[in-house]
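Peer 1: Need a 3D model of the sequence below.
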Amino acid sequence: MPTPRLVPSRWLLRRMARSAPVSRLRMAGRPIRAEEYVEDGVYVVRADLPGVDPARDIEVSILPDPDSVEIKAIRRDDLKAHRHGEISYGLFRRVLTLPDRADRATLTTSYSNGVLEVAVDLPGARQKATATPIRR
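Peer 2: As a prediction, the model looks like this:
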């Protein structure tokens with residue numbers, strides 16, 4: 001029995017054509033790419049934000065209920081004419097939920113080489129295992 005051939009619908013073909021690289025200029029407000037981890041009792045978020053001025057274009061805040069970190073950034077388009085463009089400009093936003101035991105008062109931020117790092121202490125976090133020598 002022959003395998004049925006799947007033919008894409010006209011709607012799907014039009015949708016794929018609209019997602020060409022040039023149309024991505026309109027896609028402002030995309031989420032920020034980020035990673036989160038816990039290291040030595042500190043919850044750390046690293047957010048990829050190249051091409052922004054941290055002094056004027058990045059805002060980090062803690063939101064209540066549920067406790068979460070909100071990162072907002074604006075990438076400004078200083079060039080007026082593009083021959084071709086795949087870089088997104090405009091507002092970017094990401095909200096990450098904090099662990100239950102996070103100490104909101106200890107929030108610190110730093111920005112280096114296009115990466116924003118947000119750190120929050122976790123009181124009572126598990127300590128790393130340590131080996132104890134056996135005495136004879």
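Peer 1: This protein: helices as residue ranges?
Peer 2: Per DSSP state H, the chain carries helices over the ranges 10-18, 54-57.
Peer 1: and those, which one is worst for confidence?
Peer 2: Note on the helices of the chain: lowest mean pLDDT is at helix 10-18, with a mean of 59.
Peer 1: Provide a complete list of residue ranges assigned to strands in the chain.
Peer 2: Secondary structure of the chain (DSSP state E): strands at 34-39, 42-48, 58-63, 68-75, 90-97, 108-112, 115-121.
Peer 1: Quick one, which of those gets closest to residue 136.
Peer 2: strand 34-39 (35.9 Å; Cβ to Cβ). C-beta coordinates here come from the backbone N, C-alpha and C atoms, glycine included.
Peer 1: what comes up buried for that closest one?
Peer 2: residue 34 (16 or more other Cβ atoms under 10 Å).
Peer 1: Now do the same contact list for residue 100.
Peer 2: By Cβ atoms under 8 Å, 6 or more residues apart in numbering, the contact list for residue 100 reads residue 67.
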